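K.L.:
Okay, structure incoming, though there's no sequence with it:
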């Protein structure tokens, strides 16, 4: 047996059908990349497992009693330490909606060992790429397009929405700024104001004038609140060559 290069994955299988749940769990336990396999028969039980245990992935049916798989995925997407979600279901009808929720894979039942192994490979790959780029779905006139997180220069809060600013324009998404700030903290984004989040990689200058701090990103000059000034200056000055007085 080849030893896995990283610690074995801790996963959760969620399915209300006992036979399907046990069959999938058995396939996962045969994979040397998998460590513990936990089981849940419904969405609420799955949510409790996720709150009590640090898990790498959830292999989940969509049709569940009570809290269904899509609703569970929406809740998981808000976790600070977000496990990967793999849907294992009998219908392809919700595949587009699933990937809009950043679901990693969509496996159709009945799933054989090779297909499950491929899903595990994707989980391992995602788990080993903590700084991997992310695609954000943008809905416009019935068309879904994707913006890469690495393209986002800064984000502005607009109520329960957030406006993503890139070199090519701006895009409104239905997600509070606070959620993005938490999700993207490890990807080089820092809060400069209660309504503004910036990508450190895109900051050209940090300026101090009459005690007021601002950062320049391309042609845009963004104000830094007094509350965030010390943290922002420390974080940005570590990159070097960004400071300008006056």
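P.N.:
In hand now; what should we look at? Please read all numbers here as calculations on a predicted model, not as lab measurements.
K.L.:
count of residues packed around residue 77?
P.N.:
Counted by other Cβ atoms under 10 Å, the residues lying close to residue 77 total 15. (C-beta placed from N, C-alpha, C; glycine too.)
K.L.:
Which residues are in contact with it?
P.N.:
Taking Cβ atoms under 8 Å, 6 or more residues apart in numbering, we find residue 77 in contact with 101, 102.
K.L.:
Look up phi and psi at it.
P.N.:
Per-residue torsions, residue 77: phi -60, psi -20 (degrees, to the nearest 10).
K.L.:
next one: residue 159
P.N.:
Taking degrees, to the nearest 10, you get phi 60, psi -130 for the backbone angles of residue 159.
K.L.:
likewise residue 121?
P.N.:
phi -60, psi -40.
K.L.:
separation between residue 121 and residue 97?
P.N.:
24 Å (Cβ to Cβ, to the nearest Å).
K.L.:
Let me see the domain layout of this protein.
P.N.:
9-127, 135-245 (automatic domain parsing).
K.L.:
most neighbours per residue, which of those domains?
P.N.:
Comparing the domains of the chain by mean neighbour count (mean count of other Cβ atoms under 10 Å), domain 9-127 comes out on top with a mean of 17.
K.L.:
Show me where this structure has its helices.
P.N.:
Under the criterion DSSP state H, the chain contains helices at 18-29, 43-52, 69-76, 95-100, 113-127, 177-183, 226-237.
K.L.:
Pipe those into a markdown table and attach mean pLDDT and distance to residue 157 per row.
P.N.:
Below are those laid out as a markdown table (pLDDT from 0 to 100; distance: least, Cβ to Cβ, whole Å):
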| stretch | mean pLDDT | distance to residue 157 |
| --- | --- | --- |
| helix 18-29 | 96 | 40 |
| helix 43-52 | 93 | 27 |
| helix 69-76 | 93 | 20 |
| helix 95-100 | 80 | 21 |
| helix 113-127 | 90 | 28 |
| helix 177-183 | 88 | 4 |
| helix 226-237 | 82 | 14 |
